[in-house]
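K.L.:
Coordinates for the following, if possible.
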Amino acid sequence: MSSKLYVGNLSSDVNESILKGLFEEHGVACTSVIVPRSENGTIRGYAFADCDNHGTAQKAIDKLNGHNLSGQVIVVEYSTSRKAQGQSRNRVKGIIIKNLPLASTETDAERLLCTFGGRVVRCEVVSVSSGGKVVKATFDSPDHAQEAVNKLNGQDYAGVNLVVAFDNKESSSGNSGNSGYGPRDRNRMNTRNDVSGSGTTRLYLYPTIDLPVRLMVPSGMVGAIIGKKGVNIRQITQETKARVDIIRSKENATAVEKAIIIYGTPLQCSNTVRQVMDTMIKESQSASPASYETPPLKMMAHNSLVGRLIGKGGATLNKIMEDSKTKISISNLQELTIFNMERTINVKGSLEACCKAEEMVSEKLRESFRADMCSLTQQYNLFPGLNHASVFSGLGNSPGAQCLFNVAMPVEVTYLYIPTNAVGAIIGVKGKEIREISQLSSAKVRVEPARSEDDQYRAVYIEGYPDAQWIAQWSIYHRILTEVYNGKGEVCLTSEIMVPSNMVGRIIGKKGCAIQDLELLTRAEIDVPKDVKANEKNEVVVRIKGHFFATQSAQRQIRFMLYTAKAMMQYNQRGGMQGGEGREGRDGREGRDGRDGRDGRDGRGDGRDRGPREMGREMGRQMNGSRD
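P.N.:
Next up, the predicted model:
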């Protein structure tokens, strides 16, 4: 290991003696220090130092990397060749800000960071203590991150001295600046290392997401917000860099209010809200100058997040109203239905006050949402392949929110058998109930004709993605519980899914061990008929009986098992073809007969390092990219 160091980001008044003194001050012995200069004698901003050995060099890095020297935060790292220089230099895009005042929001922090140019890709509060808030932020380039660290570290902000440093954990994880916001990132797969020590890699099938800001505006204001031929909305998005979706579907064409969903960083969302509010105020003034009133800001939030926004005894909400000088009211619980778990947050006040309140409310909602998403990772093993962000947070119930959380998954078909006397409750008057179930879940739902007059059960055909299957089946279970069972007892129904005949053995397992373990895990009764002929698609029926969560868990486990097996087979087929191009081996480890290919000597069949990654990619394609 080299003992030569690179020292970067030096100020123009630093010379060899100053650097030597710095090393000696921290107990680091260096044999020589070279500070390159240009032709006119000015310092080029970097230097090289030779240490006695590798241990001394590592000590210098540990003590001096990030040290403030003459107003500059210097970079100390191992010196490399010019060829490898681009990869080894400190290219960290993430920074950590400590001691941020408690009254400051994420939007305030992002607004402060934007003064250094560039784009703040992500900004969020990661911890709060009596000493202040800790914020992690990511820039779009390392240069802007470097400038922010240089100028903000030690700067007085609202009466406190900020402590700003690079986020070295972000650098070591290899995720510098890759976090994104909005629906463009909805198909990004998160592959996280297994912390259990098993050496395997788990595949998390929900994307890196954050909570968008959702507004409700009067339908009469939508035209003014969009502008003639979309001029106004394009101008807003170009200035704020946020994405704005205005929900104007046929189903809510006659609605009094329309939903607006804003995707972006906290500052981008807040700036967009400000411009939307400003447009509404100008439109109200022009429509009725005499009786003009500032229109209220209406935000939407799922009921599971509202409780933490209110706080114990209303403390959190009262603090927001006091700090923002607004009046905030939240719609009653009685207005919630199984089809709409959203509550309206009404904010009244001046434009500046409403915008300040929006920043504080949105930060609290985002904080609660992130906490929920962290806890949902623990439920992944029970319901694999399901987009927990959509189902458990309830955000899929809001108009247009499916476009954020609808992770691409294979379309699935399920037959759910309901009692004949429950058919009316599911269909409703003139099909009203079944249409609502279909619209809520974004799934195709229909009740199949009776097979015979004496048949006690009717099949309900459900076609859709895993999230749609969950919501549709939950709605049917709920209707039967409330309308047929009068809210008492437990509803147990039978569902059928189709399984390729060549996969039945995987589900049953050796001597039935796999299916027994699956029944113990899910608490559902699983029946795989024996000696049943496959249909024209070479599929057989698997019946699952139990309460809602039992059947859902069993369905997800079986389907995930099928997707994984299919991905493995396709991977082995591809690996065999690639292995055939490698040099034939004698022991089967060097692409023998083209069936393995784990060590093709000419490089084309080499898969030792690539095997697990290819498996992950293949599973990702099967579970996240197959729409046909």
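
K.L.:
The helix or strand encompassing residue 217: how far from the chain's middle?
P.N.:
Counting by DSSP states H and E, the element that carries residue 217 is strand 213-218. Strand 213-218 sits 22 Å away from the centroid of its parent chain (C-alpha atoms, centre = their mean, to the nearest Å).

K.L.:
Quickly run through the sheet partners of the top strand by length along the chain, with directions.
P.N.:
When the chain is parsed with DSSP state E, its longest strand is strand 120-129. Strand pairing for strand 120-129, determined by DSSP bridges: strand 132-139 (antiparallel).

K.L.:
Can you list the buried residues in the helix ranked longest in the chain?
P.N.:
The residue-count maximum for a helix in the chain (DSSP state H) belongs to helix 548-579. Of all the residues in helix 548-579, those buried under the rule 16 or more other C-beta atoms under 10 Å are 548, 550-567, 571-572, 575-576, 578-579. (Each C-beta comes from the backbone N, C-alpha and C, glycine too.)

K.L.:
repeat for stretch 421-433
P.N.:
Quick answer for stretch 421-433 (16+ other C-beta under 10 Å): 422, 425, 426, 427, 433.

K.L.:
what does the average pLDDT come to for it?
P.N.:
Mean pLDDT, computed over stretch 421-433, is 90.

K.L.:
List the contacts of residue 503.
P.N.:
561, 562, 565 (C-beta atoms under 8 Å, 6 or more residues apart in numbering).

K.L.:
The second one and residue 544, how far apart?
P.N.:
To tie it back to what came earlier, the one meant is residue 562. Using C-beta to C-beta, to the nearest Å, residue 562 is found at 14 Å from residue 544.

K.L.:
Name the nearest residue to residue 333, sequence neighbours excluded.
P.N.:
In space, and not counting its chain neighbours, residue 333 is closest to residue 303: 7.4 Å by C-beta to C-beta, 6 or more residues apart in numbering.

K.L.:
correction: residue 134
P.N.:
Using C-beta to C-beta, 6+ apart, the nearest residue to residue 134 is residue 127, at 4.5 Å.

K.L.:
What's the end-to-end length of stretch 100-113?
P.N.:
Taking C-alpha to C-alpha, to the nearest Å, stretch 100-113 runs 13 Å from one end to the other.

K.L.:
Stretch 444-452 too?
P.N.:
End to end - C-alpha to C-alpha - stretch 444-452 spans 24 Å.

K.L.:
Buried residues, that stretch. List them.
P.N.:
445, 447.

K.L.:
Start the count at 43 instead of 1 going forward.
P.N.:
From this message on, residue numbering opens at 43, which makes the last subject stretch 486-494.

K.L.:
by contact count, what packs against the helix or strand encompassing residue 346?
P.N.:
In the assignment (DSSP H and E), residue 346 maps to helix 345-352. The helices and strands touching helix 345-352, judged by 3 or more C-beta pairs under 8 Å, 6 or more residues apart in numbering; DSSP states H and E, are helix 357-366, strand 369-372, strand 384-390, helix 393-418.

K.L.:
again, only this time at 7 Å
P.N.:
Secondary-structure packing of helix 345-352 (3 or more C-beta pairs under 7 Å, 6 or more residues apart in numbering; DSSP states H and E): helix 357-366, helix 393-418.

K.L.:
What residues sit buried inside the first one?
P.N.:
Of the residues in helix 357-366, those with enough neighbours to count as buried (16+ other C-beta under 10 Å) are 358, 359, 362, 363, 366.
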